[in-house]
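>>> Take this sequence and fold it.
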Amino acid sequence: MPKFNSNLISARNRISQPNSLYNRTQSRVGGWETTPSGLKTKGIEISSADSNIKVSSSATKFSELSSDSLTFTRDGGGTTFNYAKQMQFIPASLLTLGSTFDFTFHGFLDYDDDQYDVIFTIKNLQTYDASEGGDQNLQLSAENKSATGFTPTANLFIGSVLGSTDVTSSFSDASSAQRGSALGSSPVYSIDKVAADSLHDLDIDDVVGISVTFTITFSSIINKSGEGRLDASGYLRVGNKDSDAFQNNASYLVRDWSSSKAINGTNTITKSFSYSSSPSSDGTNPIRINLILNDTSSDDGTTGSIAGALTSITYTTSSGTTTSITGADKVDALVIAR
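Here you go, the predicted model:
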């Protein structure tokens, strides 16, 4: 067909079509329908109002992708499942109990932060020592968690059943604010707690593990560019109290933490500590928990307020003896981001 006739036919087709903004938009986006807050087509909806992507089908009924979380709803909305943001399986051949595991060194991806869970499955690990007799309990845990790795540990508690004490209220001082001057490095035992810190002291004996959960709340955020954020970092310390600081012994442990937000909200952080030699309180030097909000910063002109708070502490206790198990090729691990 001559080029003139082809152009003429195309022009006639354009004239015959509706020329409203809506119809022109429909043609551009290839069958997607416009909505007041975005686009939708055949069970898929993109909404700028709540930053969601929703998918409907006869199989899933409904799913939603929002703020790095993927949620599936089944049975007409009666059952909801959350899909992990990031999940990696680590074989036992790459893990050594008692030694740091680095994600990228072994060809895996780093995580956004240390807020992930590690589920261990035993491959080749002695879980009972006949020579010791008595009650024996095996505890597997991930210590020193960070965005780049963790330390897998295994402890065998002999001679008693593990107990636990939970504290969820009546903290010595639950709230924390930014210190007047930031610490230049990880605090040693002799660094005093200050009024801005969160604090809890408890008289308890035979502690073999401590798990501390706290929140970092970001409020009054002004993020004009939409690209900025507020950042907070600090330390969590545990050990035996010594006046305003800590005793200089093996019970003193420190973990660093960091958190950030681009909009108002609260991040929940959990840090865990374990001991092979159980610290105890002698009535004068209780077990101390010290949360430090050490430093804050902003990106791209963002402003706002940041505050911390203790929310729960779990003390695991055992009156028996503790044996640490080390070695390679003993456990597999599944690492799941929260």
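
>>> contacts, neighbours, all on C-alpha from now
OK.

>>> which intervals of the stretch 151-300 of the chain have sub-threshold pLDDT?
Residue ranges of the stretch 151-300 of the chain with pLDDT under 70: 160-161, 282-283.

>>> where along it do the strands fall?
For the stretch 151-300 of the chain, the strands defined by DSSP state E, counting those that start in this stretch cover 163-167, 175-176, 198-202, 207-222, 229-242, 245-246, 253-261, 265-274, 287-299.

>>> wait, which of the ones you listed is closest to L97?
For the strands of the stretch 151-300 of the chain, the distance to L97 is smallest for strand 265-274, at 13.7 Å, taking CA to CA.

>>> partners of the closest one, with directions?
Strand pairing for strand 265-274, determined by DSSP bridges: strand 207-222 (antiparallel).

>>> Which residues does the partner strand contact?
230, 259, 261-280, 302-318 (CA atoms under 8 Å, 6 or more residues apart in numbering).

>>> returning to what we had before: out of the strands of the stretch 151-300 of the chain, which comes closest to S99?
strand 265-274 (14.4 Å).

>>> Tell me how far the residue nearest the centre of the chain lies from T148.
The residue lying closest to the centre of the chain (CA atoms, centre = their mean) is Q115, at 1.7 Å. From Q115 across to T148, the span is 11 Å (CA to CA, to the nearest Å).

>>> Same check on S219?
28 Å.

>>> same question, H200
Relative to T148, and taking CA to CA, H200 is found at 29 Å.

>>> Also G159?
Counting by CA to CA, the gap from G159 to T148 is 36 Å.

>>> and if you look at D205?
34 Å.

>>> what's the answer for D203, then?
Counting by CA to CA, the gap from D203 to T148 is 35 Å.

>>> again, but for R179
27 Å.

>>> And this structure, what are its domain boundaries?
3-83, 84-158+320-338, 163-317 (automatic domain parsing).

>>> Can you give me the first-to-last residue distance of the second one?
Meaning domain 84-158+320-338. First-to-last distance for domain 84-158+320-338 - CA to CA - comes to 7 Å.

>>> Could you shift the numbering so residue one becomes 27, and keep it that way?
Shifting the count to begin at 27 puts that one at domain 110-184+346-364.

>>> ok, now which ones touch A118?
Going by CA under 8 Å, 6+ apart, A118 touches K149, A354, D355, K356, V357, D358, A359.

>>> Farthest-apart pair in those, please.
For the contacts of A118, the farthest-apart pair by CA to CA is A354 and A359; their separation is 12.6 Å.

>>> quick one: L319 and R263 touch, right?
No. L319 sits out of contact with R263 when judged by CA atoms under 8 Å, with a separation of 11.6 Å.

>>> What is the burial count for I318?
Residues lying near I318 (other CA atoms under 10 Å) number 27.

>>> Contacts only, for it.
S202, Q204, R205, A222, D223, S224, G260, Y261, L262 are the contacts of I318 under CA under 8 Å, 6+ apart.
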